[in-house]
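Dropping the sequence and predicted coords here.
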Amino acid sequence: QDAVPGVVTTAAAPAAARPHVVVLATGGTIAGAGASAMNSATYTAAKVPVDKLLAGLPELSQVARVSGEQVFQIASESFTNDNLLTLARRVSQLVKQPDVDGIVVTHGTDTLAETAYFLGLTVHTDKPIAVVGSMRPGTALSADGALNLVNAVHVAASKDARGKGVLVTMNDEIQTARDVNKDVNIQTGAFKSQWGPLGMVVEGRNYWFRAPIKRHTQQSEFNIDTIERLPQVDIVYAYGNVQPTAVQALVAGGAKALIHAGTGNGSVADRMVQPLRDAQAQGVMIVRSSRVPYGFVLRNAEQPDDKYDWVAAHDMRPEKARLLTMLALARGASTSELQRMFWEY
Ligand SMILES: NC(=O)C[C@H](N)C(=O)O
């Protein structure tokens with residue numbers, strides 16, 4: 001292939017010189033199987049073991065030396081904090097090995113963006129980490145997992161992906177873990193970022209158009225190697241006629257912080273303000289995010305954050321705000337430190 005400035009392909013390298021990529025499999029639809037080829041949405045996730053997934057893709061050997069590890073075999077809606085810690089610790093161990101050049105994590109798409117963001121916040125490396133899933137099981141017509149996985153291995157094997165943090169490779173796009181979210185619950189073009197993808201991966205070449213600006217991996221103040229536990233942080237959802245029942249139950253259940261998924265610009269219903277302040281009086285940090293997927297929550301707009309000592313989650317979706325807040329609390333961060341983190345990560 002002709003050289004293209006800023007573009008790297010690994011496809012032509014001799015076998016011994018090919019980069020070593022470890023595929024850590026966690027389950028999801030990319031390891032799913034349905035009853036018939038017509039079942040694109042009705043199937044069982046987390047069925048196919050990683051060895052079988054890799055054996056079904058001889059194309060991978062053109063891209064990298066690939067080894068697989070089955071870390072979990074679960075649908076990603078069932079991911080827990082313990083799963084996050086176990087996975088991040090394994091990634092952190094592997095990236096320290098000189099014989100490992102990049103990591104791929106195969107994952108269900110439901111919480112893929114959360115795990116990818118968590119890895120980007122906690123694993124210190126400049127080696128590429130590509131998180132990938134599929135919207136259709138491998139048994140379906142036009143299954144998307146095979147190409148998504150080949151693309152992920154290619155990105156993880158690429159020198160030009162180094163230092164860009166954790167990347168998500170779905171539907172030929174390369175997205176930064178921080179910005180990407182699952183925004184469509186059916187269809188292969190499900191992952192979107194309101195700030196746009198970083199680039200595309202097409203036929204074994206990466207095409208980059210931008211780079212992440214926020215702190216991640218090597219510049220992160222969080223480090224999985226020193227995190228023992230994650231404190232309980234929960235989410236309360238806003239809607240018409242909302243009542244304080246959920247807030248009170250979550251506080252009673254031991255929440256150390258609550259992410260309020262408000263309406264509009266992180267708005268809080270008048271009858272919810274006092275219950276949230278009562279929770280705060282019991283030591284629970286309050287973070288204002290929004291159930292609206294795009295835009296961002298402005299500090300002191302809609303609610304007086306300075307006066308109440310509340311934190312604005314900026315453009316973080318509630319579920320990602322939960323992850324940053326857990327990591328902040330694990331470090332004993334104050335509300336002003338957590339606010340700084342929302343601007344920086
Ligand atoms: N497409 C998928 O992977 C969805 C599945 N529920 C999962 O997250 O495991």
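Okay, I see it. Numbers count the residues shown, from 1 in each chain.

residues near the closest residue to residue 128 other than its chain neighbours, how many?
Closest residue in space to residue 128, ignoring its immediate chain neighbours: residue 161 at 3.8 Å, by C-beta to C-beta, 6 or more residues apart in numbering. From N, CA and C alone the C-beta is placed, and that goes for glycine too. By other C-beta atoms under 10 Å, 26 other residues sit near residue 161.

And residue 161, how close does it get to residue 230?
Spatial separation of residue 161 from residue 230 under the definition C-beta to C-beta, to the nearest Å is 28 Å.

just residue 73 next, same as before
22 Å.

More neighbours: these two, which one.
Between residue 73 and residue 230, counted using other C-beta under 10 Å, the more crowded position is residue 230 (20 against 16).

Wait, a strand at the more buried one?
No. Inclusion of residue 230 in a strand is not indicated when DSSP: H, G, I helix; E, B strand; the rest coil is applied; the result is coil.

And it, how far from residue 324?
According to C-beta to C-beta, residue 230 stands 11 Å off from residue 324.

before we move on, what about residue 335?
Between residue 335 and residue 324 the distance, using C-beta to C-beta, works out to 13 Å.

between these two, who's got more neighbours?
When residue 335 is set against residue 324 and neighbours are counted by other C-beta under 10 Å, the residue ahead is residue 324, at 27 against 18.

Doesn't that one lie inside a helix?
Yes. Assignment of residue 324 by three-state DSSP places it within a helix.

That one: what's it in contact with?
Residue 324 is in contact with 121, 316, 338, 341-342, 345, counting by C-beta atoms under 8 Å, 6 or more residues apart in numbering.

Now narrow the residues you listed to whatever sits close to the ligand.
Counting by C-beta under 6 Å from any ligand atom, nothing from the contacts of residue 324 sits close to the ligand.

The residues you listed: which two are farthest apart?
121 and 338 (13.2 Å; C-beta to C-beta).

Can you list the strands that the helix or strand containing residue 258 pairs with?
Assigning secondary structure by DSSP states H and E places residue 258 in strand 257-262. Neighbouring strands of strand 257-262 in its sheet, by DSSP bridges, are strand 233-237 (parallel), strand 285-290 (parallel).

so which of these is the most packed in?
Of those, the one with the most neighbours on average (mean count of other C-beta atoms under 10 Å) is strand 285-290, at a mean of 26.

who touches stretch 240-254?
Applying C-beta under 8 Å, 6+ apart, the external contacts of stretch 240-254 come out as 232, 234, 236-237, 258, 269, 271-272, 275-276, 279, 282, 284.

for stretch 273-282, same thing?
Under the criterion C-beta under 8 Å, 6+ apart, residues 244, 247-248, 251, 255, 258, 260, 268, 286, 303, 308-310 lie in contact with stretch 273-282.

What's the mean pLDDT across it?
Stretch 273-282 shows a mean pLDDT of 98.

now swap in stretch 98-106 and tell me
For stretch 98-106, mean pLDDT is 98.

can you pull the buried residues of it?
For stretch 98-106, the buried set under the neighbour-count rule, 16 or more other C-beta atoms under 10 Å, comprises 100-106.

In those, find the pair that's most separated.
It's 101 and 106 that sit farthest apart of the buried residues of stretch 98-106, by C-beta to C-beta, at 17.6 Å.

Now whichever residue of the chain sits closest to the ligand: which helix or strand?
For the chain and the ligand, the shortest gap (C-beta to the nearest ligand atom) falls at residue 108, measuring 2.0 Å. Under the criterion DSSP H and E, no helix or strand holds residue 108.
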